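Asker: Here is a sequence with its predicted model. Questions after.
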Amino acid sequence: MAGLTLVCALVLCMLVIEPMATSSILCGDVAKQMTGCMKYLQNGGNLPSSCCDGVRALNTQAKTSPDRQTVCRCLQSAAKSISGLKTKLAEGLPGKCGVNIPYKISTSTNCNK
């Protein structure tokens, strides 16, 4: 059920946000890279290597400001629709994966900066 909710949220994100952005990254790309993180972000436990692989790949892909803003918006949209998401785990994900990003992972982050 959570997977279906995520897919619906990401489709909505693509329909609403993507036409406004000048980014080469789509919310579907973000979802694909973050798939390995879902169980960890809901249940905690061991961080799968596939999750960090996705986080690092997404960081590598998001080089421009519009790309980073799109990723931020996609993550926010998805996070709001995921039942049982542990926000503290999401906030710590970049650091645990050895990725330095210029903004805090949070549903309240201003993605326009």
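Answerer: Sure thing, it's come through.
Asker: What is the distance between stretch 88-103 and the centre of its chain?
Answerer: Offset of stretch 88-103 from its chain centre (CA atoms, centre = their mean, to the nearest Å): 11 Å.
Asker: how near is residue 23 to residue 70?
Answerer: According to CB to CB, to the nearest Å, residue 23 stands 4 Å off from residue 70. For the C-beta atoms, the positions are set from N, CA and C on the backbone; glycine is no exception.
Asker: ah, wrong one, I meant residue 53
Answerer: Following CB to CB, the distance that separates residue 53 from residue 70 is 20 Å.
Asker: before we move on, back to that, look at residue 23 and residue 70 and report which has more neighbours.
Answerer: residue 70 (26 against 21; other CB atoms under 10 Å).
Asker: which element is the more buried one on?
Answerer: helix 65-81 (DSSP states H and E).
Asker: Where does the prediction get shaky in this protein?
Answerer: For the chain, the stretches flagged by pLDDT under 70 are 1-22.
Asker: Tell me which stretches of it form helices.
Answerer: Using DSSP state H, the helices assigned to the chain run over residues 2-16, 27-34, 38-43, 49-61, 65-81, 87-96.
Asker: Might you report the residue contacts of residue 55?
Answerer: By CB atoms under 8 Å, 6 or more residues apart in numbering, the contact list for residue 55 reads 33, 34, 37, 93, 94, 97, 99.
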